[in-house]
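K.L.:
with the sequence up front, the predicted model follows.
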Amino acid sequence: MTKNYLDIAKLWTSDSFDENTREEVTNLIATNAPDLEDRFYKNLEFGTGGMRGIMGVGTNRLNKYTLGQATQGLATYLKSCYKDEEIIVAIAYDVRHNSREFGQLVADVLSGNGIRALLFHEHRPTPELSFTVRDKKCHAGIVLTASHNPPEYNGYKVYWNDGAQVVPPHDKNIIDAVYRTEYQDIIFKANESLIEYVDDSQDERYISACITNSLYQKDKIGYQDLKIVFTSIHGTTYTTIPKAFSIAGFTKVDYVEEQMIPSGNFPTVESPNPEEPEALSMAVHRAEMLHSDIVIGTDPDGDRLGIAVRNLSWKMQLLNGNQCNTILTYYILDEWKKAGRITGNEFIASTIVTSDIFFAIAERFGVKCKAGLTGFKWIGKMIRDAETEGKEKFICGGEESFGFMTGDFVRDKDSCGSILLACEIAALCKSKGSSLFEYLIEIYKELGFYYEGLINITKKGKSGAEEILSMMKKFRNNPPTVLGGSAVVRITDYEVQKEYNFIEDLSKEHLMDSLPKSNVLVFYTADGTKVCARPSGTEPKIKFYISVKSEISDISEYDKKVNLAEEKIEQIRLDLEL
């Protein structure tokens with residue numbers, strides 16, 4: 001008989017759990033705590049890349065036992081894969097509450113299972129963990145982070161030996177091993193001789209690789225004239241970005257000191273998410289006072305970045321993720337073309353919810369653009385597949401959620417390399433009397449004006465998850481026929497792996513099997529508009545990614561084009577009844 005949440009909660013008051021856990025759960029039951037059901041009605045999902053959730057006691061929370069179960073399952077699977085090898089796993093953690101303790105817990109469980117654990121001695125960015133997995137020839141990597149989620153969250157991400165997050169078949173095999181693990185099977189007792197602490201010297205190796213792979217101007221044109229304001233938004237990059245600026249040669253850097261202090265409370269912002277203007281407001285205010293050229297901020301685990309630059313009115317303006325990546329991608333390919341490095345066997349990478357401008361950029365420079373499912377692990381898989389086949393070379397890749405990487409030395413979003421590259425472009429533009437913003441508009445003039453909007457709808461808890469599934473079912477069964485005044489001409493459904501083309505034949509279906517199944521719907525209209533609907537895999541949200549396209553012939557048209565695009569996005573929101 002299936003146990004209900006109260007029966008499961010009572011199990012946590014047994015001697016199988018430590019005294020503090022038993023006492024807390026006993027009190028929750030006695031007081032009939034309002035969140036008791038949410039804590040125990042299901043297991044915290046260990047998804048294809050790991051898990052993320054609210055910290056606390058319970059099967060649906062991140063704690064000593066759910067983390068221990070995940071790590072024990074991973075250890076079991078690693079030992080089945082590498083029977084005759086000394087297994088090495090790198091572990092990093094961000095600034096969140098309990099991250100340091102969780103990192104030590106993971107190292108203890110791994111070492112208790114006879115696995116050598118390389119544990120960073122203090123907070124370090126996620127991309128440095130990805131780099132270290134490859135640099136130290138590890139078999140896997142783990143990072144304790146919940147990215148830009150609220151302070152009550154933490155998470156656990158697993159990387160394979162190529163430095164990328166796990167993908168099939170390893171992801172499912174790890175999940176199976178985790179769910180076969182009982183709490184009493186967890187080996188919590190550490191083997192101290194198998195735990196090695198990674199010190200600051202690893203930073204130098206990582207930063208050196210970022211500089212080698214991200215910078216193109218040997219003469220460092222304009223580096224010393226560019227005025228930069230940087231904030232780590234209380235996250236991990238306080239350990240690396242100042243060093244990177246200094247080594248690269250950017251000298252006019254001002255730091256938002258209040259936000260360079262690591263803190264899991266993120267006390268100066270509502271959300272430590274550089275996608276949101278509020279998170280960069282202190283840095284932007286400082287830049288206005290200092291007449292700086294560019295503002296850059298990173299999220300807590302240091303893989304995403306937000307950039308603000310001077311717009312046509314000379315005010316600081318936050319670029320969206322697609323705009324940032326457009327600038328970085330175009331510049332890299334332009335430099336590759338100038339150097340004669342493009343042979344036609346190269347590719348850039350994107351995702352199905354990212355702007356289609358990257359297909360236009362790829363065509364402009366004679367390379368391929370590959371689009372995978374949301375998440376950098378799929379870009380990592382593209383790189384590994386290309387290496388295995390030995391036919392194509394990866395250049396760079398990004399997704400709309402403020403993530404980018406250049407080169408393959410890191411196999412995840414990498415703010416450090418991206419920051420250095422953005423500053424080089426900004427410095428070069430400034431030396432020519434232009435700006436990063438004008439550089440973007442010149443790209444739009446050449447390839448078309450693409451403008452994006454993102455609508456997030458939050459639905460928390462069990463009822464929220466059910467409501468999100470209901471919304472997706474509605475759009476799947478009764479799809480819109482008109483969006484923003486333009487007829488829907490094509491629908492791609494990644495859940496059933498079918499594409500419906502209403503131009504060729506109203507009833508025509510095209511089977512798709514190039515990507516794994518995913519609960520994503522994409523609507524395309526006759527005028528080039530693209531609308532994606534996707535439940536978030538890491539937050540209690542459903543997201544709508546909207547991209548509209550038009551033409552622009554002169555820089556003076558930019559503001560008008562933006563206004564028209566925003567009006568269209570608002571109309572699409574109304575059409576979708578959001």
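P.N.:
All right, it came through fine. Numbering: from 1, shown residues only.
K.L.:
C-alpha from now on. contacts and neighbour counts both.
P.N.:
Noted.
K.L.:
show me how far stretch 195-212 is from its chain's centre.
P.N.:
21 Å (C-alpha atoms, centre = their mean, to the nearest Å).
K.L.:
what comes into contact with it?
P.N.:
Contact with stretch 195-212 is made by 107-108, 111, 116-121, 128, 131-132, 240, 243-244, 248, 409, 416-417, 420, as judged by C-alpha atoms under 8 Å, 6 or more residues apart in numbering.
K.L.:
ok, stretch 164-177 next?
P.N.:
Here stretch 164-177 makes contact (C-alpha under 8 Å, 6+ apart) with 46-49, 73-74, 76-77, 130, 157-160, 376-378, 380-381, 410-412.
K.L.:
then stretch 61-78?
P.N.:
Stretch 61-78 has contacts (C-alpha under 8 Å, 6+ apart) with 39, 43-44, 46, 52-57, 59, 87, 102, 105-106, 109-110, 113, 115, 154-156, 173-175, 177-183, 185-188.
K.L.:
what does stretch 215-232 give?
P.N.:
Residues contacting stretch 215-232 (C-alpha under 8 Å, 6+ apart): 238, 249-257, 259-260, 280, 283-284, 286-287, 291-300, 302, 335, 420-421, 423-424, 426-428, 430-431.
K.L.:
now intersect those residues with the helices, please.
P.N.:
Among the contacts of stretch 215-232, the members found in helices (DSSP state H) are 283-284, 286-287, 335, 420-421, 423-424, 426-428, 430-431.
K.L.:
only the buried members of those: can you turn that into a PyMOL selection?
P.N.:
Burial among the ones in helices among the contacts of stretch 215-232 is assessed by 16 or more other C-alpha atoms under 10 Å; the matching PyMOL selection reads:
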select buried, resi 283+284+286+287+420+421+423+424+426+427+428+430
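K.L.:
determine which two of the ones in helices among the contacts of stretch 215-232 are furthest apart.
P.N.:
286 and 335 (32.4 Å; C-alpha to C-alpha).
K.L.:
pLDDT below threshold where in the protein?
P.N.:
Residue ranges of the chain with pLDDT under 70: 1-2, 48, 504-513, 538.
K.L.:
domain map for it?
P.N.:
For the chain, the structural domains run 1-41, 49-199, 207-447, 449-575, going by automatic domain parsing.
K.L.:
mind listing the helices for the stretch 301-450 of the chain?
P.N.:
Here the stretch 301-450 of the chain has its helices, by DSSP state H, counting those that start in this stretch, at 321-338, 357-365, 376-389, 415-431, 436-447.
K.L.:
turn those into CSV, columns for distance to residue 136.
P.N.:
CSV is the format used below for the helices of the stretch 301-450 of the chain (distance: least, C-alpha to C-alpha, whole Å):
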stretch, distance to residue 136
helix 321-338, 28
helix 357-365, 33
helix 376-389, 18
helix 415-431, 19
helix 436-447, 37
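K.L.:
go through the ones you listed and pick out the most buried.
P.N.:
helix 415-431 (a mean of 24; mean count of other C-alpha atoms under 10 Å).
K.L.:
which helices and strands sit right next to that helix?
P.N.:
Judged by 3 or more C-alpha pairs under 8 Å, 6 or more residues apart in numbering; DSSP states H and E, helix 415-431 is in contact with helix 201-214, helix 241-248, strand 294-298, helix 321-338, strand 403-406, helix 436-447.
K.L.:
out of these, which gets nearest to residue 3?
P.N.:
strand 403-406 (41.7 Å).
K.L.:
helices and strands around the closest one, which ones?
P.N.:
Applying 3+ C-alpha pairs under 8 Å, 6+ apart, one finds that strand 403-406 contacts helix 321-338, strand 393-399, helix 415-431.
K.L.:
6 Å instead, please
P.N.:
The helices and strands touching strand 403-406, judged by 3 or more C-alpha pairs under 6 Å, 6 or more residues apart in numbering; DSSP states H and E, are strand 393-399.
K.L.:
what's the angle between the strand it packs on and helix 321-338?
P.N.:
Strand 393-399 runs at 160 degrees relative to helix 321-338, counting by axes from the mean of the first three to the mean of the last three C-alpha atoms, to 10 degrees.
K.L.:
tell me the angle strand 393-399 makes with helix 201-214.
P.N.:
With the same axes, to 10 degrees applied, the angle from strand 393-399 to helix 201-214 works out at 100 degrees.
K.L.:
now strand 393-399 and helix 357-365, what's the angle there?
P.N.:
150 degrees.
K.L.:
other SSEs contacting strand 393-399?
P.N.:
Going by 3+ C-alpha pairs under 6 Å, 6+ apart, strand 393-399 lies up against strand 346-351, strand 403-406.
K.L.:
can you rerun that using 8 Å?
P.N.:
Packed against strand 393-399 by the contact rule (3+ C-alpha pairs under 8 Å, 6+ apart) you find helix 321-338, strand 346-351, helix 376-389, strand 403-406.
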